[in-house]
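Asker: predicted structure and sequence below. I'll ask about it afterward.
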Amino acid sequence: MTTGRVAIVDLGLGNLHSVAKAFERAGANAELSSDPDVLLRADRLVMPGQGAFKECAHALRGEIGEAVRSWIDSGRPYLGICLGMQALFESSEEAPGEKGLGIFPGRVKRFASDLRDAEGRRLKVPHIGWNQIDSTHPVFENGEWYYFVHSYYCVPDDESLVAATTDYGAPFCSAIARDNVLACQFHPEKSQHAGARLIGHFLGDVSWS
């Protein structure tokens, strides 16, 4: 496990301190910051966030967004959580006209309002609570349970980017992995032992490439 510094991008969205605490419990030296210079000097970068895509897109304009792009281009380990995953794509139905970072081609869509489970019962949007993932990717355990809070989900143009799917009326992309980038729609910091294992993977070797 790394003994280096983990920078957590502070976009002013969501309870970032719970993310920092989760990394500290895993033995990391975690620092919340919105200073691009601080972010770029770290050994690992985490971008969490809860809230609206519009506010996230606005926060990533300018130097912070350029720092995140430069970080990913450099090949160093990046973990996106919730909005930190959605922001990697080009656009979102939540905020027409607003641009994401565009690291990967694709968009973010809203769950349909008429979703139903296997028994025909109506499913609520937002999707809140524990749900399982379906994955053959080595960083995940197939069938593991994670905690979700979201109304929107990512739709990558390149299906090989998908590292895990989850069923909520229909399968959706719940995690992606490519080279130095790992991102998930669920919240590791709220997912107890499963989340701690994922954070441990991220703090270890970059084994998801």
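Answerer: Cool, got the structure.
Asker: what residue lies at the spatial centre of this structure?
Answerer: Ile81 (2.4 Å; C-alpha atoms, centre = their mean).
Asker: neighbours around Gln50, how many?
Answerer: Using other C-beta atoms under 10 Å, Gln50 has 16 neighbouring residues. Bear in mind the C-beta positions are built from the backbone N, C-alpha and C, glycine included.
Asker: relative to Glu66, how far out is His127?
Answerer: 32 Å (C-beta to C-beta, to the nearest Å).
Asker: these two: which is more packed in?
Answerer: Just comparing His127 and Glu66: by other C-beta under 10 Å the higher neighbour count belongs to His127, 21 against 14.
Asker: correct me, but the more buried one touches Asp167?
Answerer: No. His127 lies out of contact with Asp167 (C-beta atoms under 8 Å); the separation is 10.5 Å.
Asker: and the strands in this protein?
Answerer: 5-9, 29-33, 44-47, 78-81, 91-92, 106-110, 127-132, 145-150, 152-156, 162-167, 171-178, 181-184 (DSSP state E).
Asker: show me where the chain dips below the pLDDT cut-off.
Answerer: 1-3, 205-209 (pLDDT under 70).
Asker: quick revisit: okay if I get the strands of the chain as CSV plus distance to Phe23?
Answerer: As requested, these are exported to CSV (distance: least, C-beta to C-beta, whole Å):
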stretch, distance to Phe23
strand 5-9, 5
strand 29-33, 4
strand 44-47, 7
strand 78-81, 10
strand 91-92, 27
strand 106-110, 25
strand 127-132, 21
strand 145-150, 17
strand 152-156, 23
strand 162-167, 20
strand 171-178, 18
strand 181-184, 14
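Asker: so which of the ones you listed comes closest to Phe202?
Answerer: strand 78-81 (5.0 Å; C-beta to C-beta).
Asker: buried residues in the closest one?
Answerer: Tyr78, Leu79, Gly80, Ile81 (16 or more other C-beta atoms under 10 Å).
Asker: so the last one versus Val149, what's the distance?
Answerer: With the distance defined as C-beta to C-beta, Ile81 ends up 11 Å from Val149.
Asker: shared neighbours, the two?
Answerer: Jointly contacting Ile81 and Val149 under the rule C-beta atoms under 8 Å, 6 or more residues apart in numbering are His187.
Asker: what's the first-to-last distance across stretch 75-82?
Answerer: 21 Å (C-alpha to C-alpha, to the nearest Å).
Asker: can you list the residues that contact it?
Answerer: Counting contacts by C-beta under 8 Å, 6+ apart, the residues outside stretch 75-82 that touch it are 14, 19, 43-50, 68, 71-72, 87-88, 149-150, 179-189, 202, 206.
Asker: cutoff 6 Å now
Answerer: For stretch 75-82, contacts defined as C-beta atoms under 6 Å, 6 or more residues apart in numbering pick out 44-50, 72, 88, 180-183, 202, 206.
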